[in-house]
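just coords:
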């Protein structure tokens, strides 16, 4: 059982039921207290997805979309099978529904879920649908109007404490990581397609990484807080890229070609022994957000293999970014020796390691994440 609460007063001043001109998936997920992946599952399986879309813009959840999702969320918390909850949500009579009561009932269910250890898990979208569980009253749904069998709704409880969606801190994420709460980590780290990956990394994720690294934890066998954080961070980046690519397909009707057919691509290499190069993935996402095609080289990347990739892809620049104090820089030397005109950017915080870089105007050492992004953009564009 994980502790999740809706947002009472979002940063833009809107209520849960007020979405004009539309809310992105990450915002709606935070307000309902679920992971973005849960909303996507509900969209894919039950058709409870965003309906607002215009050319050149990401799909947005309308006021009606969120009303249906509140019904889905509340019924799922009450133990209703997901398929039955979805049918009730889709049958909601939007014209006669009191949105304030809808919101109040959801908050009551969330408050109860926070205090009831026997309550169902938060992410009900992937549970087995065995058809069990009493059917609760759909809020002013067409089924209710038609006389469908209903059960009384639990009286409203004390509302959950407000949480500011824009006020997520690194401490919040560290707490979720140390509790092993994967769903909460995904929710707190959600990176919407309209967000800036640079500020997401520098203001939220990087401080969390440093704060967690400073904690001494007595973990049980099989528990690895750093790995949990890394996995949640990578999932957020992957979801961000998926959303961007989906939007591009909707706008252009063209899917991304093979890297060998791409123009002005940037290749990012992992430093040897850097097991979790999260900054590199965040940088790649930041480049994509600026319209630059970026690909990360994973797996063995010795000098020979690196040159094969560079020859095939013909990148406009290569990048190596790492947090290691003494990273192996053999790839940098190999690339520079084979193609001395190729721009190579190296993100290093260690002055000692920087002394091992080739002395060349085409090999640039950059200390900060923002500085590295700007330097690469100047060449890639």
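Here it is on my side, so go on. Everything quoted here is computed from the prediction, not taken from an experiment.

what's the average pLDDT for stretch 307-326?
Average pLDDT, stretch 307-326: 88.

quick one: that stretch to chain centroid distance?
Here the centre of stretch 307-326 is set off from its chain's centre by 25 Å, with CA atoms, centre = their mean, to the nearest Å.

mind checking how far residue 28 is from residue 91?
Computed with CB to CB, to the nearest Å, the distance linking residue 28 and residue 91 is 20 Å. The way it works is simple: take the backbone N, C-alpha and C, and place the C-beta from them, glycine included.

looking at the two, which is more packed in?
Each of residue 28 and residue 91 had its neighbours counted (other CB atoms under 10 Å), and the higher figure belongs to residue 28 (24 against 18).

distance of that one from residue 206?
When CB to CB is applied, the distance between residue 28 and residue 206 equals 26 Å.

try residue 227
Using CB to CB, one obtains 17 Å as the distance from residue 227 to residue 206.

and residue 22, by the same measure?
For residue 22, the distance to residue 206 equals 30 Å [CB to CB].

more crowded one of the two?
Taking other CB under 10 Å, residue 22 and residue 206 do not tie; residue 22 has more neighbours (21 against 18).

pull the number of nearby residues for the closest residue to residue 315 other than its chain neighbours.
Closest residue to residue 315 apart from its sequence neighbours, by CB to CB, 6 or more residues apart in numbering: residue 267 at 4.4 Å. Burial measure for residue 267: 25 neighbouring residues, criterion other CB under 10 Å.

so what's residue 267 up against?
If a contact means CB atoms under 8 Å, 6 or more residues apart in numbering, then residue 267 has 294-297, 309-310, 313, 315, 317-319 as its contacts.

ditto for residue 240
For residue 240, the contacting residues are 191-193, 195, 197, 285, 288, taking CB under 8 Å, 6+ apart as the criterion.

possible to save those as a markdown table with distance to residue 252?
Listed next are those as a markdown table, based on distance: CB to CB, whole Å:
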| residue | distance to residue 252 |
| --- | --- |
| 191 | 22 |
| 192 | 21 |
| 193 | 15 |
| 195 | 22 |
| 197 | 22 |
| 285 | 20 |
| 288 | 15 |
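
now, the most widely separated pair of those residues?
In these, the most distant members under the criterion CB to CB are 192 and 288, with 13.6 Å between them.

point out where the stretch 101-250 of the chain drops to low pLDDT.
Per-residue confidence of the stretch 101-250 of the chain (counting by pLDDT under 70) places the weak regions at 114-166.

which SSE is residue 113 in?
Following DSSP states H and E, one finds residue 113 within helix 99-115.

spatially nearest residue to residue 77, not counting backbone neighbours?
Leaving aside its sequence neighbours, residue 77 sits nearest to residue 109 (CB to CB, 6+ apart; 4.4 Å).

sorry, back to before: which of the contacts of residue 267 count as buried?
The neighbour count (16 or more other CB atoms under 10 Å) marks 294-295, 297, 309-310, 313, 315, 317-319 as buried among the contacts of residue 267.

for the residue nearest to residue 315, report the pLDDT, please.
Looking at residue 267, its pLDDT reads 94.

distance of it from residue 354?
Spatial separation of residue 267 from residue 354 under the definition CB to CB is 21 Å.

how about residue 366?
According to CB to CB, residue 366 and residue 354 sit 10 Å apart.

same question for residue 82.
Using CB to CB, residue 82 is found at 53 Å from residue 354.

between these two, point out the one with more neighbours.
Each of residue 82 and residue 354 has its neighbours counted (other CB under 10 Å); residue 82 has more, 21 against 14.

residue 38 is in contact with that one, correct?
No: Residue 82 is beyond contact range of residue 38, at 10.2 Å (criterion: CB atoms under 8 Å).

helices of the stretch 1-150 of the chain, start to end?
With DSSP state H, counting those that start in this stretch applied, the stretch 1-150 of the chain shows helices at 25-32, 36-46, 63-77, 82-90, 99-115, 142-145, listed in chain order.

out of these, which comes closest to residue 328?
Ranking the helices of the stretch 1-150 of the chain by their distance to residue 328 (criterion: CB to CB) puts helix 36-46 first, at 35.3 Å.

can you list the domains in the chain?
25-164, 168-254, 256-381 (automatic domain parsing).

tell me the buried residues in the helix ranked longest in the chain?
For the chain, the helix with the greatest residue count under DSSP state H is helix 225-252. By 16+ other CB under 10 Å, the buried positions in helix 225-252 come out as 225-226, 228-230, 232-233, 235-237, 239-241, 243-244, 247.

closest to residue 173 out of those?
Among the buried residues of helix 225-252, and counting by CB to CB, the member closest to residue 173 is residue 229, at 7.3 Å.

just checking, the closest one touches residue 176?
No: under the criterion of CB under 8 Å, residue 229 is not in contact with residue 176, lying 9.1 Å apart.

shared neighbours of the two, anything?
residue 185.

can you show me the strands along the protein?
For the chain, the strands identified by DSSP state E occupy 265-269, 293-297, 317-321, 344-347, 363-366, in order along the chain.

including distance to residue 380, could the ones you listed go into JSON lines?
Converted to JSON lines, the strands of the chain look like this (distance: least, CB to CB, whole Å):
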{"stretch": "strand 265-269", "distance to residue 380": "5"}
{"stretch": "strand 293-297", "distance to residue 380": "8"}
{"stretch": "strand 317-321", "distance to residue 380": "6"}
{"stretch": "strand 344-347", "distance to residue 380": "10"}
{"stretch": "strand 363-366", "distance to residue 380": "13"}
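
how about those strands, which one is nearest residue 184?
Closest approach to residue 184 among the strands of the chain (CB to CB): strand 293-297, 26.8 Å.

could you check the angle the closest one makes with strand 317-321?
50 degrees (axes from the mean of the first three to the mean of the last three CA atoms, to 10 degrees).
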